[in-house]
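Engineer: Got a predicted structure plus its sequence, pasted below:
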Amino acid sequence: MSMGMTAKSGNVFAYSSWYKRDLCLPLLAPVVILFDVADFKPERACLENVLVSPMRGLDKLTLARFTTDAWITQATNVVLTGATGVGKTYLAEAIGAQACRGGHTVRKIRYKHLFEEINAARGTGCLLKYLRKIQQTSVLILDDFLMATVPIDDLTNLLEIIEERHQVASLIVTTQYPIAEWHRLIPDPTLADAICDRLAHTSVHIRLQGDSMRKRRASTETTEVDPAKEQAGN
C-alpha cells in the first residue's frame with residue numbers, strides 16, 4: 001500500500017491519514033516483541049515526529065526512503081553524524097521502529113556496550129553464538145560510534161561484524177565524528193582502512209545540523225506546542 005506524504009506546519013514529516021491511524025493502533029504481539037528486543041528508549045521514536053528542516057540538513061525525500069523496507073532488503077547502511085543533541089539517536093530509533101513495524105528484527109546498542117557484551121560472551125565461551133545472533137539481526141543500530149577507546153582485539157571483532165553484514169544486512173551508525181575523522185580515531189591503520197572502506201564509503205550519510213533539540217525543547221516548554229513533535233529531538 002502506498003503512503004502519501006504531506007508537509008504539516010512546522011515542517012514536520014507527515015504521512016497519509018491511513019499511516020497516522022496505523023501508528024495509533026495497538027501493536028500486534030509479534031511487533032511488541034520486536035520492539036522489546038530492539039531496546040529503544042521509552043519515548044518510542046517514530047518517523048512521523050521527526051522534524052524536517054533545511055536548517056537540520058534533513059529533507060522529506062531522505063526520510064521517505066525509510067518508510068518502506070527496500071533499504072533493508074538492499075542491505076543499505078546508514079551513517080548519522082552531527083553534534084550532541086541534534087537528534088541522531090532519535091532518528092536512528094525512528095528508522096528502526098519503522099523496520100520493526102515491517103516485521104524486521106532490530107537491535108540498538110551503544111558502541112561501548114557492544115564490546116562489553118562481546119567480552120562477556122567471550123568469557124563464558126559463547127562469543128561465536130553472540131556474534132551469530134548479532135549477524136542474524138536485520139537492522140543493527142550502533143549508537144555513539146567511536147565515542148570510546150577500545151583495544152585492537154575488540155576492533156577486530158567489530159570489523160568481523162561489519163564484514164559479515166556487508167551487502168547482507170543493514171547497519172545504522174550514529175556518531176559525533178565526521179567521517180573524515182574516523183581513520184585517525186581507529187588505532188590500527190589496517191583495521192581503519194577496512195572499516196572505513198566497508199562502512200564510510202558505501203552508506204547513506206545524513207549530516208544533522210543546527211542547535212541542540214534538547215535546548216529547543218527547553219526553550220519552548222512554556223509555550224503551546226504539540227508534545228509528540230517535541231519528542232523528536234532526543
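Structural biologist: Okay, I see it.
Engineer: quick one: secondary structure of the residue nearest the centre of the chain?
Structural biologist: Geometric centre of the chain, nearest residue: A92, 2.5 Å, by Cα atoms, centre = their mean. Three-state assignment for A92 (DSSP: H, G, I helix; E, B strand; the rest coil): helix.
Engineer: That one touches I172, doesn't it?
Structural biologist: Yes. A92 lies in contact with I172 (Cβ atoms under 8 Å); the separation is 5.0 Å. C-beta coordinates here come from the backbone N, C-alpha and C atoms, glycine included.
Engineer: can you tell me the helix or strand for L61?
Structural biologist: Secondary-structure assignment from DSSP states H and E places L61 in helix 60-64.
Engineer: Output the very next helix or strand once past that helix as PDB, nothing but the C-alphas.
Structural biologist: Later in the chain than helix 60-64, the nearest helix or strand by DSSP H and E is helix 70-73. Extracted C-alpha coordinates of helix 70-73, given in PDB (Å, rounded to 0.1, in the frame of the first residue of the first chain):
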ATOM      1  CA  ALA A  70      13.600  -1.600   0.300                       C
ATOM      2  CA  TRP A  71      16.600  -0.200   2.000                       C
ATOM      3  CA  ILE A  72      16.700  -3.200   4.300                       C
ATOM      4  CA  THR A  73      16.300  -5.800   1.600                       C
END
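Engineer: Quick one: low-confidence residue ranges for this structure.
Structural biologist: Where the chain drops to pLDDT under 70, the residues are 1-30, 33, 35, 37, 39, 42, 213-234.
Engineer: repeat that for 90
Structural biologist: The model of the chain has pLDDT under 90 over residues 1-46, 48-49, 53-55, 85, 101-102, 153, 200-202, 210-234.
Engineer: Tell me where it has helices.
Structural biologist: 17-24, 29-38, 60-64, 70-73, 88-101, 111-123, 127-135, 152-165, 182-185, 189-198, 213-219, 227-230 (DSSP state H).
Engineer: The ones you listed into a markdown table, with extra columns for distance to P54?
Structural biologist: As requested, the helices of the chain are exported to a markdown table (distance: least, Cβ to Cβ, whole Å):
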| stretch | distance to P54 |
| --- | --- |
| helix 17-24 | 24 |
| helix 29-38 | 30 |
| helix 60-64 | 11 |
| helix 70-73 | 23 |
| helix 88-101 | 16 |
| helix 111-123 | 30 |
| helix 127-135 | 36 |
| helix 152-165 | 32 |
| helix 182-185 | 26 |
| helix 189-198 | 29 |
| helix 213-219 | 16 |
| helix 227-230 | 17 |
